[in-house]
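Enquirer: Provided below for reference: sequence and predicted model.
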Amino acid sequence: MSDISPVLSRLDAELDASVERLAALIKIPSISTDDAYAAECQRAADWLVADLTSIGFEASVRPTAGRPMVVAHHAGPAGRTSPHVLFYGHYDVQPVDPLELWHADPFEAKVVEQDGVKVITGRGSADDKGQLMTFVEACRAYKAVHGELPCAVTILFEGEEESGSPSLKPFLEENAKELTADFALVCDTGMWNAETPAISTALRGLVGEEITIKAADRDLHSGSYGGAAANPIRILAKILADIHDETGRITIPAFYDGVEETPSQILESWKGLGETAETFLGPIGLSEPSGEKGRHVLELVWTRPTAEFNGISGGYTGKGFKTVIAAEASAKVSFRLVGTQDPVAIRANFRKFVEERIPSDCSVEFHPHGGSPAINLGYDAPFLVKAQTALTEEWNKPAVMIAMGGSIPIVGDFKRMLGMESLLVGFGLDDDRIHSPNEKYNLTSFAKGQRSWARILDALSKA
């Protein structure tokens, strides 16, 4: 069995050099959303291929209809039955506007002290160049010490995550056999706080739907027709109000099919994190949870389904006042899904719910806006338990299993297209200012992130 101690010592000794390598990658302005930076995205991909090749990976740049992919392979130890893992990250970054709000050049990474904490500055330092390089550095140190990696490793770095990943699904389809592994490692997540590592075990799914209710064939004078003609805004408001009852539960029939209760031990561990409705909502000027009553605030945003109204339009909304009854009214509605809720069934049941409330002389149109199921990782999955132990040993604090209220599309793609579960471990923090001016990545996150991945790889390799 490999000894992890010399690998960790190597990482500590090479920290300054690893920061310099990260700074060289940050220096490349690989902004995927702007065609003016297409050559820089290519340069970042080339840089990563050269770096991975230097530590023994078979690496190559793969062209797509958009920004290139980076694919790399490294065999595991001969004669060992360790797993084959696919590590995913992205090398593209967000635009830096407004530039005047940056304290320094966004593409000149530096180690500076902020509020007594050393951080690495620069666009992409946390999202996602710093995160992906924690894994690369772990592989570099492991190879330097032992001459091989403890597991077979495939790496996939994409260059369009910040622009919606338009080339990713076609690439996965065309290269499914090459990219399929026992499971995926995804680093585009964060810690619970600066001292507490975390593994994300669930991602909520999503169904988006726009509804448009139509009544009269034109806008009407409310004095001439008010009280007699159907008002689509009133109809719409009543339908939206009917979706939730007085306890915050969603009333659409069969909506909770596939929703399971959070295991009591997991819920208790979340309560022990110290987050309350006041601490969670206070910073945004609120104090009372609006979801299902009697639920912990973290349960509401992590493992309970939702129905939210994201926009309503109809009638006259300009300056002044216009007394009309609108001909139509629209609403954008999104559902966050958990457990095994079926997006197709949710959409169908919602449409039926709406149609049953439309007057006979009015009509409704529906416009879908995507749909994906929730992602759930078993809390007792063997590779998750090994990773949790490895993280706990590195940080000297129990790694918590959390969930995420949003979605990471690549995780669903890995599951649906490649049949792989994903282990979501990252070292970002809420104050890293990703997508904002003055992005940073704590030096501790970078250093201990490297050590964490080395420990995880080592743990995964053992029976």
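Expert: Received the coordinates, thanks. Keep in mind that this is a model prediction, so the values were computed, not measured. Numbering: from 1, shown residues only.
Enquirer: Can you tell me how far the nearest residue to Tyr316 once chain neighbours are set aside is from Gly124?
Expert: Once flanking residues are discounted, Tyr316 sits nearest to Lys322: 3.8 Å by Cβ to Cβ, 6 or more residues apart in numbering. Quick note: C-beta positions are derived from backbone N, CA and C, even for glycine. Using Cβ to Cβ, to the nearest Å, Lys322 is found at 48 Å from Gly124.
Enquirer: Compare neighbour counts for these two and give me the winner.
Expert: More crowded of Lys322 and Gly124, by other Cβ atoms under 10 Å: Gly124, with 33 against 12.
Enquirer: got a list of what that one touches?
Expert: Contacts here follow Cβ atoms under 8 Å, 6 or more residues apart in numbering; on that basis Gly124 touches Leu25, Ile26, Ser30, Tyr91, Val93, Gly130, Glu439.
Enquirer: So which of those are in helices?
Expert: Using DSSP state H, the subset of those located in helices is Leu25, Ile26, Gly130.
Enquirer: Report whether the expected contact of the last one with Arg21 is present.
Expert: Which is Gly130. No - the pair Gly130 / Arg21 is not scored as a contact, 10.8 Å apart, by Cβ atoms under 8 Å.
Enquirer: ok, these two, which is more surrounded?
Expert: Each of Gly130 and Arg21 has its neighbours counted (other Cβ under 10 Å); Gly130 has more, 31 against 16.
Enquirer: who touches the least confident helix or strand in the chain by mean pLDDT?
Expert: Each helix and strand of the chain was given a mean pLDDT (mean pLDDT, DSSP states H and E); the minimum falls on strand 375-376 at a mean of 88. Strand 375-376 is contacted by residues 201-203, 205, 338-340, 407-408, 411-412, 415, 422 when judged by Cβ under 8 Å, 6+ apart.
Enquirer: Now do the helix or strand just after it: distance to the chain's middle.
Expert: Heading C-terminal from strand 375-376, the first helix or strand you meet, by DSSP states H and E, is helix 382-395. Counting by Cα atoms, centre = their mean, to the nearest Å, helix 382-395 is centred 21 Å from the centre of its parent chain.
Enquirer: all strands of the stretch 101-250 of the chain, in order?
Expert: Along the stretch 101-250 of the chain, the segments classed as strands by DSSP state E, counting those that start in this stretch run 111-114, 117-121, 152-158, 183-186, 198-203, 205-214, 220-221.
Enquirer: what mean pLDDT would you report for the fourth one?
Expert: In this model, strand 183-186 carries a mean pLDDT of 96.
Enquirer: Neighbouring strands of it in the sheet, and parallel or not?
Expert: Strand pairing for strand 183-186, using DSSP bridges, gives strand 84-90 (parallel), strand 422-425 (parallel).
Enquirer: what do you get for the longest one?
Expert: In the sheet containing strand 205-214, the strands it pairs with under DSSP bridges are strand 328-337 (antiparallel), strand 363-372 (antiparallel).
Enquirer: Give me the residues contacting that strand.
Expert: With contacts defined as Cβ under 8 Å, 6+ apart, strand 205-214 is touched by 232, 235-236, 239, 327-338, 341, 343, 346-347, 350-351, 354, 358, 362-375, 407, 412.
Enquirer: Give me the pLDDT for the residue nearest in space to the middle of the chain.
Expert: The centre of the chain sits closest to Ile408, judged by Cα atoms, centre = their mean, with a distance of 3.5 Å. If you check Ile408, the pLDDT there is 83.
Enquirer: what's the spacing between it and Leu48?
Expert: In this view, Ile408 and Leu48 are 21 Å apart by Cβ to Cβ.
Enquirer: What's the local residue count around Asn300?
Expert: You called it Asn, but residue 300 is Leu. Neighbour count for Leu300, taken as other Cβ under 10 Å: 18.
Enquirer: Remind me which helix or strand the closest residue to it other than its chain neighbours belongs to.
Expert: Among residues not flanking Leu300 along the chain, Gly291 sits closest, at 4.3 Å (Cβ to Cβ, 6+ apart). Using DSSP H and E, Gly291 maps to neither a helix nor a strand.
Enquirer: Please consider this matter closed, and thank you.
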